[in-house]
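*Asks:* quick one: sequence and predicted model below, then my questions.
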Amino acid sequence: MTNVVPEKQTTYLQTTSGDQFPVGRVFCVGRNYEAHAREMGKDPERDPPFFFTKWPETVRNADPTDGLDIRYPPETQNYHHEAELVVAIGKAGFQIAEDDAKDHVWGYATGLDMTRRDLQLDAREKGRPWDTGKNVENSCPTGRLQPVSDGGHIEAAAISLTVNGETRQLADVADLIWSVREIIADLSKFYALEAGDLIYTGTPAGVGAVVPGDTIVCTIDGLPALEVTISDPA
């Protein structure tokens with residue numbers, strides 16, 4: 001019997017231009033809104049941003065008409081929503097100057113960084129990595145990706161999230177502690193960014209738990225909305 005190595009599947013995001021955007025690596029920025037830093041028990045500081053990563057397979061693309069169902073994950077009793085502006089990198093670069101950062105952006109999307117909060121906080125208290133709390137299957141639902149060539153750059157836009165019609169998160173992406181330009185410049189000091197990389201730029205205050213049956217709607221002005229329903233565990 002010949003052993004065959006399974007071929008790795010590529011994750012794609014649907015775009016507003018009808019193309020498919022192949023997803024590379026997924027970088028996430030931690031505590032990038034002042035009010036959210038405070039609600040997580042940390043003082044917001046102008047220290048360099050910090051990052052964590054997720055598998056590209058955590059990215060799920062919502063259907064523009066039917067939304068998206070994701071299962072409630074195992075081993076958590078506190079599954080949280082985090083609405084985020086997502087940046088898609090379209091041009092490779094290393095040690096990118098802040099003034100040149102926007103030249104590397106292909107487009108933007110509305111996204112979620114779903115989090116097993118109880119596992120994340122337990123790991124944080126023990127000084128351990130956040131992987132089991134953050135790097136969770138289907139935990140990065142993302143709306144359709146809008147190219148810069150169509151919608152321009154997103155610098156100031158209302159970002160909001162509702163659960164079953166109730167507003168939980170409401171802010172403006174202009175309130176980011178570290179702007180998109182600064183994030184790209186800092187991240188590219190450590191990694192040679194590649195076309196296909198995604199950056200989830202952080203979430204505003206108001207994060208909270210969801211349960212099976214809940215419907216999340218995440219919006220950023222100027223971008224396609226994202227609707228996600230939490231289904232029962234497997």
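*Replies:* Now that the structure is in, tell me what you want to look at.
*Asks:* how near is the residue nearest the centre of the chain to residue 152?
*Replies:* By CA atoms, centre = their mean, the mean C-alpha position of the chain lies nearest to residue 200, the distance being 3.6 Å. From residue 200 across to residue 152, the span is 20 Å (CB to CB, to the nearest Å). For the C-beta atoms, the positions are set from N, CA and C on the backbone; glycine is no exception.
*Asks:* before we move on, the earlier item: the residue nearest to the centre of the chain: what's it in contact with?
*Replies:* 26-29, 84-86, 111, 113, 140 (CB atoms under 8 Å, 6 or more residues apart in numbering).
*Asks:* specify which member of those is nearest to residue 227.
*Replies:* residue 111 (12.5 Å; CB to CB).
*Asks:* tally of neighbours for that closest one?
*Replies:* 32 (other CB atoms under 10 Å).
*Asks:* tell me the bridge partners for it.
*Replies:* residue 84, residue 142 (DSSP bridges).
*Asks:* heading C-terminal from the helix or strand of the chain with the lowest mean pLDDT, find the next helix or strand.
*Replies:* One helix or strand of the chain scores below all others by mean pLDDT, DSSP states H and E: helix 34-39, with a mean of 66. Sequence order places strand 51-54 as the next helix or strand after helix 34-39, per DSSP states H and E.
*Asks:* any idea how far the following helix or strand past that next one is from the chain center?
*Replies:* Using DSSP H and E, the helix or strand that follows strand 51-54 towards the C-terminus is strand 59-61. On the basis of CA atoms, centre = their mean, to the nearest Å, strand 59-61 sits 10 Å off its chain's mean C-alpha point.
*Asks:* tell me which other helices or strands strand 59-61 touches.
*Replies:* Judged by 3 or more CB pairs under 8 Å, 6 or more residues apart in numbering; DSSP states H and E, the packing partners of strand 59-61 are strand 12-14, strand 68-71, strand 140-142.
*Asks:* quick check: which of the ones you listed is buried the most?
*Replies:* Across the helices and strands packed on strand 59-61, averaging neighbours per residue (mean count of other CB atoms under 10 Å) puts strand 140-142 on top, at a mean of 28.
*Asks:* so residue 51 sits right up against residue 187, yeah?
*Replies:* Yes - using CB atoms under 8 Å, residue 51 makes contact with residue 187 at a distance of 6.3 Å.
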